[in-house]
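Engineer: Sequence unavailable; structure follows:
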Ligand SMILES: NC(=O)c1ccc[n+]([C@@H]2O[C@H](COP(=O)([O-])OP(=O)(O)OC[C@H]3O[C@@H](n4cnc5c(N)ncnc54)[C@H](OP(=O)(O)O)[C@@H]3O)[C@@H](O)[C@H]2O)c1
Ligand SMILES: [Zn+2]
Ligand SMILES: [Zn+2]
């Protein structure tokens, strides 16, 4: 089933046109400006972001407690705290984690979405890094304690108190459940938003904020670069960005996939070759070949075959399946191989990744879809029918009745 690719027009209708704020009780916010609250960056024209919505006018895609499907619903976003910004969400990638979360047993409603780009519509009085009109990006963590050893080392993603997740988490201040960015607005502490570098397409950049950073951190930590041989197992959202980033870092890069028909894509992405994991001869011929294997496969699987591809003193980073895994110790012993994992990124690392992507022109291969098609998109993702990331265009939430284009 094909989904219409939407090119959103700049002048899409909005819930409110600029010209008046109706914030409810936001009197603590200081200067009121038609485009939001806060200062303008001198010399830089603000994008037409529009004001914040009324709290009860924010819409998004929500699944009730025992529902796997998403439906349009009104969401509550908090009034801005001093260090918060409000973002009009324009684009949000669809991560396989969204699918896992929707299909897992759950005792609360869920609004997925944790890799997004948009425009600042309002800023609290203590915010100095952003102003209304700034293009920004947010990933899968939105707060951390800021004090533990991991936070002090810039690895807020490993916060000892556990970082606040963009959805399915608990706000550190008021205890409310966090609701994700399959929604037209998100409110976030400014420290966990990133300036979107000029030159990065906002739709194709959105997946960098989860898929990208999740593979960037292990590639950097393990020293991927010229002279290293990297293999990426699973050519999906994470996998194709791992290939692009590894190639851009200068590493010789190979794809490991069940799908031989992805060979042409692997080559286009810059990979040297594609090993078909279901053909036993191909992995056998590549035994002990790779310094780094990044395993992004979305389901539980035997990691032995991937460990056997790792070279002497090399490392397998298991980032795809995050449940229990069984390891045969001999697969580690022979070749002194190492097994590790990673997830998300620290603030400094995320900003560095975005700059690197802007310099090397790395973004995701995306299929941009009106958000009203979110349930179809999730079904297609479940059957591996995506090359390589769906991105929801949330502008249709500005309409009372989102257009249901043919799929
Ligand atoms: N560590 C983290 O913090 C983090 C962050 C984001 C996502 N994740 C997890 O990473 C995984 C990948 O996410 P994604 O968004 O990249 O998913 P995706 O786009 O669906 O890609 C996953 C890839 O895994 C392979 N695969 C899928 N089903 C398989 C099966 N039954 N057997 C073998 N291979 C299979 C496919 O690659 P081939 O067709 O090429 O074989 C597929 O393209 C998910 O489990 C997600 O939850 C983890
Ligand atoms: Zn994700
Ligand atoms: Zn911490």
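Structural biologist: Thanks, I have the structure now. From a predicted model like this one, the values you see are computed outputs, not experimental measurements. Ligands and ions are numbered 1, 2, ... in the order given.
Engineer: Quick one: the helices in the chain, in order.
Structural biologist: Secondary structure of the chain (DSSP state H): helices at 96-103, 149-152, 202-205, 211-221, 237-249, 263-268, 281-285, 304-307, 329-333, 347-360, 374-382.
Engineer: gap between the fifth one and the chain center?
Structural biologist: By that I understand helix 237-249. 14 Å (C-alpha atoms, centre = their mean, to the nearest Å).
Engineer: Stretch 193-207 now?
Structural biologist: Distance of stretch 193-207 from the chain centroid (C-alpha atoms, centre = their mean) equals 11 Å.
Engineer: what does the chain have sitting close to ligand 3?
Structural biologist: Residues of the chain lying close to ligand 3 by C-beta under 5 Å from the ion are 144, 145, 148, 151, 159. (Glycine included, C-beta is placed from N, CA and C.)
Engineer: Could you pull up the contacting residues of the last one?
Structural biologist: Read that as residue 159. Neighbour list for residue 159: 144, 145, 148, 150, 151 [criterion: C-beta atoms under 8 Å, 6 or more residues apart in numbering].
Engineer: I'd like the distance between it and residue 141.
Structural biologist: For residue 159, the distance to residue 141 equals 8 Å [C-beta to C-beta, to the nearest Å].
Engineer: Check the helices of the chain for me and report the most buried one.
Structural biologist: helix 237-249 (a mean of 27; mean count of other C-beta atoms under 10 Å).
Engineer: close to ligand 2, is that one?
Structural biologist: No. On the criterion C-beta under 5 Å from the ion, helix 237-249 is out of touch with ligand 2, staying 7.8 Å away.
Engineer: Output the contacting helices and strands for that helix.
Structural biologist: Here helix 237-249 touches helix 211-221, strand 229-233, strand 252-257, strand 290-295, helix 347-360, going by 3 or more C-beta pairs under 8 Å, 6 or more residues apart in numbering; DSSP states H and E.
Engineer: just checking, what packs against the second one?
Structural biologist: Identification of packing neighbours for strand 229-233 by 3+ C-beta pairs under 8 Å, 6+ apart yields helix 237-249, strand 252-257, strand 290-295.
Engineer: pLDDT wise, what is residue 27 at?
Structural biologist: pLDDT, residue 27: 24.
Engineer: any weak-confidence spans in the stretch 1-150 of the chain?
Structural biologist: Residue ranges of the stretch 1-150 of the chain with pLDDT under 70: 1-56.
Engineer: now the closest residue to ligand 2 within it: how far from ligand 3?
Structural biologist: Per C-beta to the ion, residue 95 is where the stretch 1-150 of the chain lies closest to ligand 2, at 3.0 Å. Residue 95 sits 23 Å away from ligand 3, going by C-beta to the ion, to the nearest Å.
Engineer: who touches that residue in this structure?
Structural biologist: Going by C-beta under 8 Å, 6+ apart, residue 95 touches 112, 114, 115, 140, 207, 210, 211, 237.
Engineer: hmm, try it at 7 Å
Structural biologist: Residues in contact with residue 95, defined by C-beta atoms under 7 Å, 6 or more residues apart in numbering, are 114, 115, 210, 211, 237.
Engineer: now swap in residue 219 and tell me
Structural biologist: Counting by C-beta under 7 Å, 6+ apart, residue 219 touches 242, 245, 246, 249, 294.
Engineer: The first one against residue 213, yeah?
Structural biologist: In other words, residue 242. No. Look at residue 242 against residue 213 with C-beta atoms under 7 Å: they stay out of range, at 11.2 Å.
Engineer: Just give the number of residues close to the residue of the stretch 251-400 of the chain found nearest ligand 3.
Structural biologist: Going by C-beta to the ion, ligand 3 is nearest to residue 346 of the stretch 251-400 of the chain, at 10.4 Å. By other C-beta atoms under 10 Å, the residues close to residue 346 number 22.
Engineer: Distance of it relative to residue 379?
Structural biologist: Distance from residue 346 to residue 379, counting by C-beta to C-beta: 34 Å.
Engineer: Please apply the same query to residue 322.
Structural biologist: 22 Å.
Engineer: Break this structure down into its domains, please.
Structural biologist: 27-210+364-398, 212-340 (automatic domain parsing).
Engineer: Which of these sits closest to residue 356?
Structural biologist: Evaluated over those, closeness to residue 356 peaks at domain 212-340, with 7.3 Å, by C-beta to C-beta.
Engineer: can you pull the contacts of residue 338?
Structural biologist: Contacts of residue 338 (C-beta under 7 Å, 6+ apart): residue 315.
Engineer: Is it possible to get CSV of the helices and strands packed on helix 237-249 that adds distance to ligand 2?
Structural biologist: Below are the helices and strands packed on helix 237-249 laid out as CSV (distance: least, C-beta to the ion, whole Å):
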stretch, distance to ligand 2
helix 211-221, 6
strand 229-233, 16
strand 252-257, 20
strand 290-295, 15
helix 347-360, 13
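Engineer: Relative to residue 79, which of these is closest?
Structural biologist: That would be helix 347-360 among the helices and strands packed on helix 237-249, by C-beta to C-beta, at 24.1 Å.
Engineer: check whether the closest one contacts ligand 1.
Structural biologist: No. Helix 347-360 stays clear of ligand 1 (C-beta under 6 Å from any ligand atom), getting no nearer than 12.6 Å.
Engineer: what comes into contact with that helix?
Structural biologist: With C-beta under 7 Å, 6+ apart as the criterion, helix 347-360 contacts 137, 139, 154, 156, 191-192, 194, 197, 199-200, 208, 212-213, 216-217, 248, 345, 363.
Engineer: Got phi/psi on the residue nearest to residue 250 when sequence neighbours are not counted?
Structural biologist: Excluding its sequence neighbours, the residue lying closest to residue 250 (C-beta to C-beta, 6 or more residues apart in numbering) is residue 226, at 3.9 Å. According to degrees, to the nearest 10, the main-chain angles of residue 226 amount to phi -60, psi 130.
Engineer: need the contact list for the residue of the stretch 301-407 of the chain found nearest ligand 2.
Structural biologist: Per C-beta to the ion, residue 344 is where the stretch 301-407 of the chain lies closest to ligand 2, at 8.3 Å. Residue 344 makes contacts with 139, 140, 141, 157, 213, 214, as judged by C-beta under 7 Å, 6+ apart.
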